[in-house]
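# structure for the following, please:
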Amino acid sequence: MLKIKSVLLILCVILTSSIFAQSKISKNSRETFSRIELSFSIGYSRPLLEAYGNNVTINSAEDVLTIDGKKLIDSDNLGTNRGYGVQTYLKYSLLKKGYVKALFNLGYNALTGNYPGPSDYDIGVRIQTFSLGLGAEVNPLGHNSVVYPAVFGLMRMNFMGGETYHKAGLDFFEVKPRYGYTAGFKVYFRVKNTIDLFTGYSYSYDNTWGKQTEDNITTSGRTIPFRDEKSAVNGLTSNRRVAYWGLYLGMNFFFK
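Residues are numbered from 1 along each chain as shown. Below you'll find the model as predicted:
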């Protein structure tokens with residue numbers, strides 16, 4: 001009889017422990033959630049390489065803007081010194097606990113240079129990128145912790161354009177596709193079982209591949225070709241690389 005009671009007691013302990021463990025998993029773990037996540041972020045961008053410049057002027061007639069003395073079509077740099085970006089990520093967890101996730105990205109980034117101009121109107125330059133990207137995110141600790149790090153990388157197709165402006169637009173880059181990459185790291189902070197906040201850093205090079213000399217392209221009114229690869233005849237002294245780093249804040253959503 002004593003043996004039977006002992007066996008029943010052990011079974012009760014095992015069953016209770018199992019129920020508690022399942023309860024803990026359902027409360028704190030995301031293993032039973034959908035593998036799909038959605039993420040949004042907004043941040044500050046800092047131009048680098050030939051994207052950066054700070055010497056922008058306008059002529060006395062107020063209709064031609066120059067960057068270091070050259071028009072936008074063939075300037076040595078693009079005259080921007082700050083920017084911002086907005087990103088959306090659709091994620092799919094490839095492994096349990098979120099160690100590796102596939103990424104699909106839709107993004108927008110604008111690099112700008114805004115300067116005091118005549119007639120109480122500012123003058124400036126704006127370089128814009130609309131992007132589609134595919135990549136991966138790696139979470140070494142998984143995504144069940146209260147705080148956890150991640151690294152990520154994306155290959156992106158970028159639709160790039162831009163303009164100079166004073167009162168209204170002056171010269172406009174013809175929008176062209178370029179190919180580049182983004183890489184960086186994030187730190188996630190769990191605020192609810194279905195919501196994380198995160199902050200991070202990224203480096204982007206939007207026209208790594210697909211640069212064009214646009215030698216034989218003529219201007220049409222105020223629309224100008226986007227020359228980002230130098231040639232002997234297109235006026236560029238070097239390739240114009242559109243690169244920038246970014247700091248951002250965002251929210252990540254899980255679905256049950």
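# apart from its neighbours in sequence, what residue is nearest residue 212?
The spatially closest residue to residue 212, leaving aside those adjacent along the chain, is residue 229, at 5.8 Å (Cβ to Cβ, 6 or more residues apart in numbering). Where you see a C-beta, it was placed from the backbone N, CA and C, and this is true even at glycine.
# where does that neighbour fall, helix, sheet strand or coil?
coil (DSSP: H, G, I helix; E, B strand; the rest coil).
# list the residues that contact it.
The contact partners of residue 229, taken as Cβ atoms under 8 Å, 6 or more residues apart in numbering, are 211, 212, 213, 236, 239.
# include pLDDT and secondary structure when you put those into JSON lines, please.
JSON lines is the format used below for the contacts of residue 229 (pLDDT from 0 to 100; DSSP: H, G, I helix; E, B strand; the rest coil):
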{"residue": "211", "pLDDT": "92", "secondary structure": "coil"}
{"residue": "212", "pLDDT": "89", "secondary structure": "coil"}
{"residue": "213", "pLDDT": "89", "secondary structure": "coil"}
{"residue": "236", "pLDDT": "87", "secondary structure": "coil"}
{"residue": "239", "pLDDT": "92", "secondary structure": "coil"}
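# verify the stated contact: residue 134 with residue 103.
Yes. Using Cβ atoms under 8 Å, residue 134 is in contact with residue 103, at 6.8 Å.
# still on that earlier bit, are any of the contacts of residue 229 buried, and which?
Listed as buried from these are 211, 212, 213, 236; burial here means 16 or more other Cβ atoms under 10 Å.
# distance of the residue nearest the centre of the chain from residue 226?
Geometric centre of the chain, nearest residue: residue 87, 5.4 Å, by Cα atoms, centre = their mean. As for residue 87, its distance to residue 226 is 23 Å (criterion: Cβ to Cβ, to the nearest Å).
# pLDDT weak spots in this protein?
Confidence mapping of the chain against pLDDT under 70 gives the ranges 1-28, 217-220.
# all the strands of it, residue numbers only.
For the chain, applying DSSP state E gives strands covering 36-48, 56-58, 65-67, 70-71, 82-93, 100-115, 123-138, 147-166, 168-192, 195-209, 223-224, 243-254.
# out of these, the one nearest residue 30 is which?
Nearest to residue 30, of all these, is strand 243-254, at 5.8 Å by Cβ to Cβ.
# sheet-wise, list the partners of that closest one with their directions.
Each strand paired with strand 243-254, and its direction, by DSSP bridges: strand 36-48 (antiparallel), strand 195-209 (antiparallel).
# list the buried residues in the longest one.
The neighbour-count criterion (16+ other Cβ under 10 Å) identifies 196, 198, 200, 202, 204, 205, 206, 207, 208 as the buried residues of strand 195-209.
# report the two of these separated the most.
Taking Cβ to Cβ, no two of the buried residues of strand 195-209 sit farther apart than 196 and 207, at 32.1 Å.
# picking up where we left off before, can you lay out the buried residues of strand 195-209 as JSON lines showing distance to residue 44?
What follows is the buried residues of strand 195-209, written out as JSON lines (distance: Cβ to Cβ, whole Å):
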{"residue": "196", "distance to residue 44": "21"}
{"residue": "198", "distance to residue 44": "15"}
{"residue": "200", "distance to residue 44": "12"}
{"residue": "202", "distance to residue 44": "11"}
{"residue": "204", "distance to residue 44": "13"}
{"residue": "205", "distance to residue 44": "18"}
{"residue": "206", "distance to residue 44": "16"}
{"residue": "207", "distance to residue 44": "21"}
{"residue": "208", "distance to residue 44": "22"}
